[in-house]
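Pasted the sequence and its predicted model underneath.
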Amino acid sequence: MIPGPTGIAFTSRSAHTMELEKVSADDLVSGDRTLWNMYGEDGKLLIPKGKIVGNDALLNKLLAMGLYAPKLELLKTRQEWRESKARDNQRNERPPSTLDALINSRKKLDAMVAQLDRGIHGRWLEQKVGELATEVMTACASDSDVAIAMILLRQEGKYAVRHMVNAAIVCALVCRSLEKTEAHTRSIVSAALTMNIGMIEFQDQLKEQKTPLSAAQRARLERHPMMGADMLREAGIQDPVWLDAVEQHHECIDGSGYPDKLFGKEVCEGARILSLADLFCARVTPRSYRPAVASNVALKGILLERGKSLDETVASHFIKTLGIFPPGMLVRLANGEIGVVTRAGAKVNTPQVKSILSADGHKMGLAMTRDTAVEQFSIRETVDPRQVSTYVNMEAIWGSAAAHRG
């Protein structure tokens, strides 16, 4: 019996009696092992199960001649593939966790920086940065605590890129506190993501430098805001909020900043927000010539400068956004345990904490929730991250908001 196009039973010496289904191009991939015996129009075995069809040309030739596989096996495989594809689509439809989204933001910005000349001359920089700014804003809105904690707990990768994403996170959260419009926030977040494009490599060099800046290095440093804004204009960006924030993000309201020593209201609001974010994120990051400043110490410095070199209103919203004990800060409790601040508590000085190290310094098998309003678990002091060798697993601390999906 000679089979028709599909679903025909035939008898042959090699195939015995069975019902076959015609194999389509969607059923096979060259280079993969076949999952079934495959037969020709005459019922003879052409390709045994487990055989590799090495190239597309041969595969297309065989398909044109007509390939048939046992119907039940082929239909079962097709059903399994459909179910697998449905599961993949379902996973892809789920939004990424806050942590995943921000890690991806770092990767995307790193790729953009690597192609900066193409982005400028190809005029696609504005669109890509705008899309990235929206992703950062969405991630921060999803879980602001995880976003802040990432600044303190995930300090791997290239500093220059990581620093701009961290500053973008802070800008997004402060703008939300200030009740800025989505469009205005996006402009300021975009400025944070591009504030140092005039000194990317130079910034990474300075991070490792242990000697004071030379006169030439100082001059180059003070030029970078103007250089960055000029590069953005060359890329076709005309947004005044974005450009002014980049150009002025090292200006201070007391006239002590650079490059133009602007004073008071001469410094635009976007730059005031961005300069604070820049300052905080830089201080909580270790350098070769100094350790990282504890986040609460960095915030205390901002409080002291409020109304002097820093805008008082912006600084107040900055402190309100991060709190006295920001998420991600390591603290030692009254019982000797070391924990991670996870979220705000009922009072500013009683945040929620999860302990990760016992009083004798051993890693806990499970992060334990502690109520710092209880005397036994009250916060005794902050802890320098360098004193803690244990990796802080954000996924274990914050759950699904920080759950990494590879």
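Structure's in. What do you need? Everything numeric here is computed off the predicted structure, so don't read it as measured data.

Just confirm residue 260 contacts residue 251, I think it does.
Yes: applying Cβ atoms under 8 Å as the test, residue 260 and residue 251 come out as touching, 6.7 Å apart. Any C-beta I mention is one placed from the backbone N, CA and C, and that applies to glycine too.

Neighbour count: these two, which is higher?
residue 251 (25 against 16; other Cβ atoms under 10 Å).

Can you pull the poorly scored residue ranges out of the stretch 251-400 of the chain?
Within the stretch 251-400 of the chain, the ranges that satisfy pLDDT under 70 run 286-294, 303-304, 306-307.

Kindly recompute the last result at 50.
For the stretch 251-400 of the chain, applying pLDDT under 50 flags no range at all.

which residues in it form helices?
Secondary structure of the stretch 251-400 of the chain (DSSP state H, counting those that start in this stretch): helices at 269-283, 295-305, 312-322, 394-398.

list the helices and strands the second one packs on?
Judged by 3 or more Cβ pairs under 8 Å, 6 or more residues apart in numbering; DSSP states H and E, helix 295-305 is in contact with helix 269-283, helix 312-322, strand 379-382.

what residues are up against residue 26?
If a contact means Cβ atoms under 8 Å, 6 or more residues apart in numbering, then residue 26 has no contacts.

before we move on, what SS does it have?
helix (DSSP: H, G, I helix; E, B strand; the rest coil).

and stretch 238-252, how far from the chain's centre?
24 Å (Cα atoms, centre = their mean, to the nearest Å).

And stretch 84-103, by the same measure?
14 Å.

and if you look at stretch 48-61?
41 Å.

related to what we said a few turns ago, just the helices of the stretch 251-400 of the chain: most buried one?
Most buried of these, by mean neighbour count (mean count of other Cβ atoms under 10 Å): helix 269-283, with a mean of 24.

what's the angle from it to helix 295-305?
Helix 269-283 and helix 295-305 are oriented at 140 degrees to each other (axes from the mean of the first three to the mean of the last three Cα atoms, to 10 degrees).

From the contact counts, what lies against helix 269-283?
Against helix 269-283 (3+ Cβ pairs under 8 Å, 6+ apart) you get helix 159-177, helix 182-194, helix 240-248, helix 295-305, helix 312-322.

The ones you listed: which one's closest to residue 150?
helix 159-177 (7.3 Å; Cβ to Cβ).

Can you show me the CA trace of that closest one as PDB?
Provided in PDB are the C-alpha atoms of helix 159-177 (Å, rounded to 0.1, in the frame of the first residue of the first chain):
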ATOM      1  CA  TYR A 159      31.200  51.600  37.900                       C
ATOM      2  CA  ALA A 160      30.400  54.300  35.300                       C
ATOM      3  CA  VAL A 161      27.400  52.400  34.000                       C
ATOM      4  CA  ARG A 162      26.200  51.100  37.300                       C
ATOM      5  CA  HIS A 163      26.400  54.600  38.800                       C
ATOM      6  CA  MET A 164      24.200  56.200  36.200                       C
ATOM      7  CA  VAL A 165      21.500  53.500  36.600                       C
ATOM      8  CA  ASN A 166      21.700  53.900  40.400                       C
ATOM      9  CA  ALA A 167      21.300  57.700  40.000                       C
ATOM     10  CA  ALA A 168      18.400  57.100  37.700                       C
ATOM     11  CA  ILE A 169      16.700  55.000  40.300                       C
ATOM     12  CA  VAL A 170      17.000  57.700  42.900                       C
ATOM     13  CA  CYS A 171      15.800  60.400  40.500                       C
ATOM     14  CA  ALA A 172      12.700  58.300  39.600                       C
ATOM     15  CA  LEU A 173      11.800  57.900  43.300                       C
ATOM     16  CA  VAL A 174      12.400  61.500  44.300                       C
ATOM     17  CA  CYS A 175      10.400  62.700  41.300                       C
ATOM     18  CA  ARG A 176       7.500  60.500  42.400                       C
ATOM     19  CA  SER A 177       7.700  62.000  45.900                       C
END
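
quick one: average pLDDT of that helix?
Mean per-residue pLDDT for helix 159-177: 95.

name the helices or strands packed onto that helix?
helix 98-114, helix 125-142, helix 144-153, helix 182-194, helix 200-208, helix 269-283, helix 312-322.

which parts of that helix are buried?
Neighbour-count burial for helix 159-177 flags 159-177 (criterion: 16 or more other Cβ atoms under 10 Å).

And residue 257, how far from residue 250?
For residue 257, the distance to residue 250 equals 5 Å [Cβ to Cβ, to the nearest Å].

cool, and residue 271?
Relative to residue 250, and taking Cβ to Cβ, residue 271 is found at 8 Å.

returning to that earlier point: okay, the helices of the stretch 251-400 of the chain in CSV with distance to residue 137 next?
Listed next are the helices of the stretch 251-400 of the chain as CSV, based on distance: least, Cβ to Cβ, whole Å:
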stretch, distance to residue 137
helix 269-283, 14
helix 295-305, 22
helix 312-322, 14
helix 394-398, 19
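
that older thread, shared neighbours of residue 257 and residue 250, which are they?
residue 275.

how many other residues sit next to residue 58?
11.

List the contacts of it.
Residue 58 sits in contact with residue 30, where contact means Cβ under 8 Å, 6+ apart.
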